[in-house]
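Student: coordinates only, sequence not included:
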Ligand code: ATP
Ligand code: MG
C-alpha cells in the first residue's frame, strides 16, 4: 500500500507557514508500516491542484490532501477532487445541518458561506470524525482503471491530526490488508545530542535490524523535537494486542537500561507535567523564582492541567533591587551562584513552598557587566537544601530561556526521584 501526501496552500510555497502537516503525516504512516514515497506542495490553483492530485493517484494507492477545505473563495480542494473524480459537487443536507449544529453549540450563528462546506463530490462521503467545523472528505473511486482512495483533511493541524488518528490511519491500514497490529510508544529525553543518542543506541538498533532477530517486529526511531528534546519512538508489530504490548514493554526496558537517566517521560508527558506529578505524589508544593526566564517556567507549569495540585506560585525578579525586596536576597552580583541559591531559598520561604527552582543569567545578545551572554545559573531547593549548576549556552535569547526552563525542571525532577529512591 502506497500513500502520498499533497499539501495545499499558496502560503506553503511562499514560506509563510511551514508544512508541518506533511511531516506529521509522514511520521504516522511510517509508524504503521505504510509506504510513502512522495510529498507534494501545491498552491491554491485549480489546474495545478488537479495535475498534482492526478499524478499522485497514478503512482500511489491512497492520497491524503491537507488544506483548502474552508468556506472561502480560495478553498478549492473540494472542487479539484470533484474534477479528478469526474463528478459534480453535491449539497449534503445532513452535513449542512451538522455544521450548523457545531456553530450553534459554540453559541454562534453560522455565516452563510459555511454552507459551501457541505458540498461533497458525488460518490464521496464526509469523514466520520469531525473535530472542527470543516468536514473532511473520503472517496473511493476508479481512477484510470484502478481503485484508489483519497482523503481530504483541513489544514488546521489539530483538526487534521484528529481525523488522521480517529479514522484515516486505521482505514488505510484496513485497506492495505495488513492484519498485524502496530503500536508505538515514545520515550522523551532531555540532556543529550542526537548524535550521542544515536551512538548509545547503535548496538540496539543493529540488533533489531539483524536478520532473523526474534524482535524483528520492533523498530526504534529518533525524532528531534526542537526545543523539547529528543524522542525515541519504539514501534512494535505483532499478531495481537497482548503480544504487541509485551514487545513494547520489553523494548522500553532495554532502552531504559541504556539511556535511563535522560528519559523524563512517555508519550504525551512533558517535563512540567512530570515534575508536577512528582511533587503531587510526594505531597510537595512548588515555587519558582525567575530572572532570566521571565516567567516562562511558571507559564509552562500553569499550562499543564491540574497544576494547582502542586504549584504555589512564582515571582519574576528581574532588577537586582526587586530580587532583594521581594525575595530578601542579600546584596551581591545578580548573575552568580550566591544569587541563584538565595533566590531558590527565598522563594520557598516567601511563598511557603516545599521545593523551588530559580534562574538567573545573561540572555544576550550583549554581555552584561563583563559576563558573556549565555551564562546561566540555575538552582533547585528540596528539603531546604539548594543545589546549583552553571550552564553556558551559545545560542539566541529565546533558546537560552527555553533550554534553561527545561534544564532546571529536569534538575528538580532528578532530585525528586532521588528523594524517594
Ligand atoms: P479553514 O477552514 O480553517 O480555512 P482549510 O482546510 O481551508 O481550513 P487552510 O485554509 O489551508 O485550511 O489552512 C488553515 C490554517 O491551517 C493555515 O492558516 C495554517 O496556519 C494551517 N495550515 C494549513 N496547511 C498547513 C500545513 N500543511 N502544515 C501546517 N499548518 C498548516
Ligand atoms: Mg482556508
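Tutor: Yes, it's here. Note that the structure is a prediction, hence the values are computed from the model and not measured. Ligands and ions are numbered 1, 2, ... in the order given.

Student: all contacts plus neighbour counts: C-alpha atoms, from now on.
Tutor: Fine.

Student: Any residues of the stretch 1-150 of the chain in contact with ligand 1? List them.
Tutor: Within the stretch 1-150 of the chain, the residues that sit near ligand 1 (C-alpha under 6 Å from any ligand atom) are 7, 9, 18-22, 67-70, 75, 134.

Student: So which bits of stretch 298-318 are buried?
Tutor: 298, 300-302, 307, 309-318 (16 or more other C-alpha atoms under 10 Å).

Student: which of the residues of the stretch 1-150 of the chain next to ligand 1 sit farthest apart?
Tutor: By the measure C-alpha to C-alpha, 18 and 134 form the most distant pair in those, at 20.9 Å.

Student: Please say which of the two ends up with more neighbours.
Tutor: Using other C-alpha atoms under 10 Å, the more surrounded residue of residue 18 and residue 134 is residue 134, with 21 against 12.

Student: Hmm, that one is touching residue 152, no?
Tutor: No - if you go by C-alpha atoms under 8 Å, residue 134 and residue 152 don't touch, sitting 10.6 Å apart.

Student: where do the contact lists of these two overlap?
Tutor: Common neighbours of residue 134 and residue 152 (criterion: C-alpha atoms under 8 Å, 6 or more residues apart in numbering): residue 69.

Student: Quick one: residues contacting the residue lying farthest from the centre of the chain.
Tutor: Distance from the C-alpha centroid of the chain peaks at residue 331, with 42.3 Å (C-alpha atoms, centre = their mean). Going by C-alpha under 8 Å, 6+ apart, residue 331 touches residue 324.

Student: Looking at it now. What's its pLDDT?
Tutor: Residue 331 is assigned 87 on the pLDDT scale.

Student: Likewise for residue 111?
Tutor: Reading off the model, residue 111 has pLDDT 88.

Student: on that earlier part again, for PyMOL, write the select line for the buried members of the residues of the stretch 1-150 of the chain next to ligand 1.
Tutor: A single PyMOL command selects the buried members of those (16+ other C-alpha under 10 Å):
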select buried, resi 7+9+19+21+22+67+68+69+70+75+134
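
Student: Any chance of the residues of the stretch 1-150 of the chain next to ligand 1 in a markdown table with secondary structure, pLDDT and distance to residue 107 as columns?
Tutor: Shown next, in a markdown table, are these (DSSP: H, G, I helix; E, B strand; the rest coil; pLDDT from 0 to 100; distance: C-alpha to C-alpha, whole Å):
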| residue | secondary structure | pLDDT | distance to residue 107 |
| --- | --- | --- | --- |
| 7 | strand | 98 | 32 |
| 9 | coil | 96 | 30 |
| 18 | coil | 96 | 32 |
| 19 | coil | 96 | 32 |
| 20 | helix | 95 | 31 |
| 21 | helix | 96 | 29 |
| 22 | helix | 97 | 33 |
| 67 | coil | 97 | 26 |
| 68 | coil | 95 | 25 |
| 69 | coil | 94 | 22 |
| 70 | coil | 90 | 20 |
| 75 | coil | 93 | 25 |
| 134 | coil | 89 | 17 |
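
Student: ok, back up a step: show me which of the buried residues of stretch 298-318 is closest to ligand 1.
Tutor: Comparing these against ligand 1 with C-alpha to the nearest ligand atom picks out residue 300 as the nearest, at 22.6 Å.

Student: hang on, isn't residue 248 packed against residue 235?
Tutor: Yes - Residue 248 lies in contact with residue 235 (C-alpha under 8 Å); the separation is 7.2 Å.

Student: who touches stretch 67-79?
Tutor: 7-9, 44-46, 49, 89, 113-117, 119-121, 134-136, 152-156.

Student: Now with 6 Å, please.
Tutor: With contacts defined as C-alpha atoms under 6 Å, 6 or more residues apart in numbering, stretch 67-79 is touched by 8, 113, 114, 116, 117, 154, 155.

Student: all helices of the stretch 51-200 of the chain, in order?
Tutor: Assigned by DSSP state H, counting those that start in this stretch, the helices in the stretch 51-200 of the chain fall at 77-85, 93-105, 157-163, 169-175, 194-209.
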